[in-house]
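Asker: Predicted model and sequence below, questions to follow.
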Number of protein chains: 2
Amino acid sequence: MDRIEVAGRVFDVRRAVVDDVPGLAALLADDVLGATRESGDLVAYERAFAAIDADPAHLLLAVRDDTGALVATMQLTLLPGLARGGATRLQVEAVRLAARARGGGLGSALFAWAHAWGAERGAVLSQLTTDRSRVDAHRFYERLGYAPSHTGFKRPL
Amino acid sequence: MDRIEVAGRVFDVRRAVVDDVPGLAALLADDVLGATRESGDLVAYERAFAAIDADPAHLLLAVRDDTGALVATMQLTLLPGLARGGATRLQVEAVRLAARARGGGLGSALFAWAHAWGAERGAVLSQLTTDRSRVDAHRFYERLGYAPSHTGFKRPL
């Protein structure tokens, strides 16, 4: 789908396909919070993938390095709404970079790509939430121009 | 679509139609933050309404009291995702109650309705963000069982 170059290294940014699901699930689990809440049930991930893939409002990304290894993912959703003058939002979920891919500028480059993808499709605002305990992530998002203006509430159903 | 009874008063909860758009835009503007960021351009709201209405993942609610007056709105979205074992989320946006409809239990009843709508469609988690300055809203969501576990970041595109 697209290639981004970061400090001389080339990464391949693509819409995920069903064959990426095991690798994406492993990437989500390889995380201090993800380790406790991801499961080994691939069928549930494949079912979720089918729902994401069926609606063009979503773009699930699989990012590979020049060796073909899966190093990052994020889910983008175009969220139309009446508020803020009928603003379309870019909702960003499930951002993960493999530990060895962090700190080298890939995260920033990927967000620049995501912002451009959203803006080209009419989004005027990008939004995401991060767990309060992820202080490194908070600094990262503030450097990217995000304001921590809101409290993110979650409730099990 | 549905009726909810709150302390002896009956409210009509329906999927919004295009004729509701001017009233919904007025409700969004009648708010301490909305007053500064809503616009008078109805065409933009109607365009946004068409995008919401075209995707069955969204439900924009128009809630009327027993006199037929529009007293509340919220936008619900079913958001599939790989994270948390392939969990579908209920994303709640643009919640507004008319000033005169607050404090009487309508908000709680409407969220109970929304949670049931999401759970029936497979959502296992409800999520929303509120501006940090809305301290009354924060108390309201904590009473409803929401945890303020996340920071909500926004960035213009």
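Answerer: Sure, I can see it.

Asker: ok, the one helix or strand in chain A whose mean pLDDT sits lowest near chain B or not?
Answerer: For chain A, counting by mean pLDDT, DSSP states H and E, helix A:34-37 ranks last in confidence among helices and strands (a mean of 72). Yes - for helix A:34-37 and chain B, the contact criterion (Cβ under 8 Å from any Cβ of the partner chain) is met by A:34, A:37. Every residue, glycine included, has its C-beta placed from N, CA and C.

Asker: Go through that helix and flag the buried ones.
Answerer: Buried residues in helix A:34-37, counted by 16 or more other Cβ atoms under 10 Å in any protein chain shown: A:G34.

Asker: Contacts for that helix next, please.
Answerer: With contacts defined as Cβ atoms under 8 Å, 6 or more residues apart in numbering or on different chains, helix A:34-37 is touched by A:28-29, A:96, B:83-85.

Asker: burial measure for A:T130, as a count.
Answerer: Per other Cβ atoms under 10 Å in any protein chain shown, the neighbour tally for A:T130 reads 23.

Asker: average pLDDT for the one helix or strand it maps to?
Answerer: A:T130 belongs to strand A:123-131 when assigned by DSSP states H and E. For strand A:123-131, the mean pLDDT works out to 97.

Asker: hmm, back to that, how far is the least confident helix or strand of chain A from where the chain is centred?
Answerer: Offset of helix A:34-37 from its chain centre (Cα atoms, centre = their mean, to the nearest Å): 17 Å.

Asker: coming back round to it: farthest-apart pair in the contacts of helix A:34-37, please.
Answerer: Pairwise distances across these peak at 14.5 Å for A:R96 and B:G85 (criterion: Cβ to Cβ).

Asker: Tell me which of these two has more neighbours.
Answerer: More crowded of A:R96 and B:G85, by other Cβ under 10 Å: A:R96, with 22 against 18.

Asker: check contacts around the residue of chain A positioned farthest from its centre.
Answerer: The outermost residue of chain A, judged against the average C-alpha position, is A:G85 (26.1 Å), by Cα atoms, centre = their mean. Residues in contact with A:G85 (Cβ under 8 Å, 6+ apart) are B:37-39, B:41, B:44-45.

Asker: Any idea what the closest residue to A:Q127 other than its chain neighbours is bridged to?
Answerer: Nearest residue to A:Q127 in three dimensions, chain neighbours excluded: B:K154, at 4.9 Å (Cβ to Cβ, 6 or more residues apart in numbering or on different chains). Applying DSSP bridges to B:K154 yields these beta-bridge partners: A:Q127, A:A147.

Asker: From the contacts of helix A:34-37, which one has the minimum pLDDT?
Answerer: A:A29 (88).

Asker: Where does the prediction get shaky in chain A?
Answerer: Chain A contains residues with pLDDT under 70 at A:35.

Asker: quick one: the strands in chain A?
Answerer: Here chain A has its strands, by DSSP state E, at A:2-6, A:9-15, A:58-64, A:70-79, A:88-97, A:123-131, A:147-156.

Asker: Pick out the residue closest to the middle of chain A.
Answerer: Central residue of chain A (Cα atoms, centre = their mean): A:M74, 1.8 Å from the mean position.

Asker: which residues does that one form a beta bridge with?
Answerer: Here A:M74 sits in beta bridges with A:L61, as judged by DSSP bridges.

Asker: on that earlier part again, using PyMOL, make a named selection holding only the buried ones among the contacts of A:G85.
Answerer: One line in PyMOL is enough to select the buried ones among these; burial here means 16+ other Cβ under 10 Å:
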select buried, chain B and resi 38+44+45
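
Asker: Next up, the contacts around the residue nearest to the centre of chain A.
Answerer: With contacts defined as Cβ under 8 Å, 6+ apart, A:M74 is in contact with A:60-61, A:92-96, A:110, A:114.
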